[in-house]
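> mind looking at a prediction? Sequence and model below.
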Amino acid sequence: MKTFRFFAAVLLCSGTLSVHAEAETSFERISEPMAPRNIQILLEKDCDGALLEVKGPYYIFNPHDGSRVASGLLGKRFMIHELESGLKWGEEFPGIHQLYIKPRSSETSVFINGIQYAGAVAIYGVAGKINIVNDIEIESYVKSKLTSQFTAPLEPEVMSALAILVRTDAYHYVTKANPSSFWHVNAKEVDYQGSALVVHNSLIDRAVESTRHLILLHGEDGKDVPFATTWTDNCAGKTAAYAQIFRKDTAAPQKGVEAPHAALSRSESKWTYQIGRKTLAHMFNLKQLSACELFVDKSSSKVYGVRMKDGKECIDMDFFTLQERLGSVHIKSSDFTVTLKEDSVLFTGYGKGHGVGLCLYSANALAQNGENAVKILSKFYPETYLFNLDAVPK
C-alpha cells in the first residue's frame, strides 16, 4: 500500500515576534524550521468497523491518486468496513482501500463512534481491519486539546502560555514522525478527545488565536527544533527535566528549574498515603515486600522509578505505572519518599503532578503579579527561544 501524507511539504519559514515585544528575537542558530499545517492523529487502529457520520456537505477522495470518488450534500451515517473488494460506507468502493473524507463547508461536522472531530478523516483498510486518522489543522488541535484538559480556564496569560506549549508539542510530534507513517501520533498517547467542547471566542479560543503560530525552539545538534512539552499542577518548588521523568530521548531541555512560588507553599501541598504492606505486595504479584527503593532525579528530588523487592526477587516500574496502579488520588506527585513499617507502607509527598514543565501553581501566581505569557515561559524554559511561524502557506 502506498503511503500518503495529507499535508503539503512546506518550505523554509521566517518571521519575527508580533505578539509580545518582550520576547527573545535572536534566532541566528535556527536552521530549516519546518511549518506543517496539519497534524494526523490515529483515532482507531485495526478495528473491525466504526460508525462514521458526516453532517453537512463533503467530498470523498482516493488518497492513493488524489482522485475524487464521491460527494454528498446532506450528510451520511453508516458503519464503515473493509471488505476484500474495498471499503464500504453505505455504498461500496471497489478496488479502493483508502478514503479521505473532507468537509465542503465550515459547518460540516464529522463523527467517529459518536465523537465529533474537526478537520477531515482518512480511513485505511488492511486485511479486513481499518485504521482511522483525523487530519486536523494544528491550531484547531491546540484548541481541542486545551478545551478537554481545562474545563475551568486559568489566568488568561497562563492559557496563552499553555497554547504555545501544546502547539510546540504538536510540531514536535509532526517533525519527528517517520515520513512513511500514516499518522503522527496516537490519540490515546496525547489524550485527544475531539472538538465537540470547543467554544468560539472562549478564553481558550482567544488564547490560541492571540498566540497563533508561536512555538518554542530548543537547540539540538546545532539546530533549534520544537520539543516535547508538558505541564504539572504544582511542582512543590522544583521542576524536573522531561527526559528524567518520562525517560524519553527528546529535544527538550535537560534541566529543570526552581519555582519560588511553589516552594513557599511546599508545606501546604504535603500529602500522605498509607497502604497495607501485604496489600501492596499482592498488587504487584510479590509474596511479601522486603524493600521499596526509589530512583530519584538528584537535581529535582523527583521519583522516576520504583523497585519493590521480595528477597532476591524484585520488580521495577516507572513513576507513572506506580501512580496508575495505586491511583493519582493517592500518589499525587513524583516528589515523595517511602517508609516501610511493620504492617504498612507510608508514602509522604509534596505537590501535585509529575513535576515536569510548566508549574501551573507558579504560573498563576506570576500572571496575577502582572507577568505575561512570554515572561512565564522564560522562567520555566530558560534555554529556549520563541519563534513565529507566520509564514505558513495559506
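Good, I have the coordinates. Numbers count the residues shown, from 1 in each chain.
> and the helices in the stretch 201-350 of the chain?
Assigned helices in the stretch 201-350 of the chain, in chain order: 203-210, 242-246, 260-264, 277-283, 319-326 (criterion: DSSP state H, counting those that start in this stretch).
> including mean neighbour count and mean pLDDT, could those helices go into a markdown table?
All C-beta spots, glycine's among them, are computed from the backbone N, C-alpha and C. Shown next, in a markdown table, are the helices of the stretch 201-350 of the chain (neighbours: other C-beta atoms under 10 Å; pLDDT from 0 to 100):
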| stretch | mean neighbour count | mean pLDDT |
| --- | --- | --- |
| helix 203-210 | 20 | 95 |
| helix 242-246 | 22 | 95 |
| helix 260-264 | 17 | 97 |
| helix 277-283 | 16 | 95 |
| helix 319-326 | 17 | 97 |
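> would you turn those helices into a markdown table with distance to residue 186?
Conversion of those to a markdown table gives the following (distance: least, C-beta to C-beta, whole Å):
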| stretch | distance to residue 186 |
| --- | --- |
| helix 203-210 | 23 |
| helix 242-246 | 16 |
| helix 260-264 | 32 |
| helix 277-283 | 27 |
| helix 319-326 | 16 |
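> quick one: closest of those helices to residue 223.
Residue 223 lies closest to helix 242-246 among the helices of the stretch 201-350 of the chain, at 18.0 Å (C-beta to C-beta).
> elements contacting that closest one?
Packing partners of helix 242-246 (3 or more C-beta pairs under 8 Å, 6 or more residues apart in numbering; DSSP states H and E): strand 302-310.
> name the helices or strands packed onto the strand it packs on?
By 3+ C-beta pairs under 8 Å, 6+ apart, strand 302-310 packs against helix 242-246, helix 277-283, strand 291-297, strand 313-318, helix 319-326.
> can you lay out those as JSON lines showing distance to residue 170?
Shown next, in JSON lines, are the helices and strands packed on strand 302-310 (distance: least, C-beta to C-beta, whole Å):
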{"stretch": "helix 242-246", "distance to residue 170": "16"}
{"stretch": "helix 277-283", "distance to residue 170": "36"}
{"stretch": "strand 291-297", "distance to residue 170": "26"}
{"stretch": "strand 313-318", "distance to residue 170": "24"}
{"stretch": "helix 319-326", "distance to residue 170": "21"}
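> compare these and give me the one nearest residue 379.
Nearest of the helices and strands packed on strand 302-310 (C-beta to C-beta): helix 242-246, 16.3 Å.
> who's in contact with the closest one?
227-230, 248-250, 252-254, 256, 297, 299-300, 302, 304, 319, 334, 354-357 (C-beta atoms under 8 Å, 6 or more residues apart in numbering).
> scan this protein for its longest helix.
helix 156-176 (DSSP state H).
> in that helix, what's buried?
156-175 (16 or more other C-beta atoms under 10 Å).
> helix 203-210 and that helix, what's the angle between them?
60 degrees (axes from the mean of the first three to the mean of the last three C-alpha atoms, to 10 degrees).
> contacting residues for residue 348?
270-272, 336-339.
> out of the residues you listed, which comes closest to residue 218?
Distances from residue 218 to the contacts of residue 348, taken by C-beta to C-beta, are shortest for residue 336, at 28.8 Å.
> does the closest one really touch residue 347, like I thought?
Yes - if you go by C-beta atoms under 8 Å, residue 336 and residue 347 touch, sitting 5.3 Å apart.
> among the helices and strands packed on strand 302-310, which comes closest to residue 143?
helix 242-246 (23.6 Å).
> about what we covered before: could you point out which element follows the longest helix of the chain?
Helices and strands here follow DSSP states H and E; after helix 156-176, the next one along the chain is strand 185-186.
> within the sheet, what are the partner strands of the one helix or strand residue 101 maps to, with directions?
Using DSSP H and E, residue 101 falls within strand 98-103. Its sheet considered, strand 98-103 pairs with strand 58-62 (antiparallel), strand 120-126 (antiparallel) by DSSP bridges.
> could you say what helices and strands the helix or strand just after the last one packs with?
Using DSSP H and E, the helix or strand that follows strand 120-126 towards the C-terminus is strand 129-137. For strand 129-137, the helices and strands in contact under the criterion 3+ C-beta pairs under 8 Å, 6+ apart are strand 38-47, strand 49-55, strand 76-83, strand 120-126.
> ok, now with 6 Å
Packed against strand 129-137 by the contact rule (3 or more C-beta pairs under 6 Å, 6 or more residues apart in numbering; DSSP states H and E) you find strand 38-47, strand 120-126.
> now those as TSV including mean neighbour count, mean pLDDT and distance to residue 103?
Conversion of the helices and strands packed on strand 129-137 to TSV gives the following (neighbours: other C-beta atoms under 10 Å; pLDDT from 0 to 100; distance: least, C-beta to C-beta, whole Å):
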stretch	mean neighbour count	mean pLDDT	distance to residue 103
strand 38-47	20	96	14
strand 120-126	22	95	7
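> which stretches of the stretch 51-200 of the chain aren't confidently modelled?
By pLDDT under 70, the stretch 51-200 of the chain has no low-scoring segment.
> 90 - rerun?
For the stretch 51-200 of the chain, the stretches with pLDDT under 90 are 63-65, 106, 151-153, 175-182, 196-197, 199-200.
> over to the stretch 251-394 of the chain?
Those would be 251, 311-312, 383, 385, 389-394, if you go by pLDDT under 90 across the stretch 251-394 of the chain.
> domains in the chain, as residue ranges please.
Structural domains assigned to the chain are 39-138, 264-350, following automatic domain parsing.
> may I see these organised as CSV, with distance to residue 206 added?
Output for these, formatted as CSV (distance: least, C-beta to C-beta, whole Å):
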stretch, distance to residue 206
domain 39-138, 17
domain 264-350, 29
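> and of the helices and strands packed on strand 129-137, who's closest to residue 387?
Comparing those by C-beta to C-beta, strand 38-47 comes nearest, at 17.7 Å.
> helices or strands up against that closest one?
strand 129-137.
> what does the very next helix or strand once past the strand it packs on contact?
Note on strand 129-137: by DSSP H and E, the next helix or strand toward the C-terminus is helix 138-149. Residues lying outside helix 138-149 but in contact with it, judged by C-beta atoms under 6 Å, 6 or more residues apart in numbering, are 39, 118, 163, 166-167, 170, 193, 195, 197-198, 204, 208.
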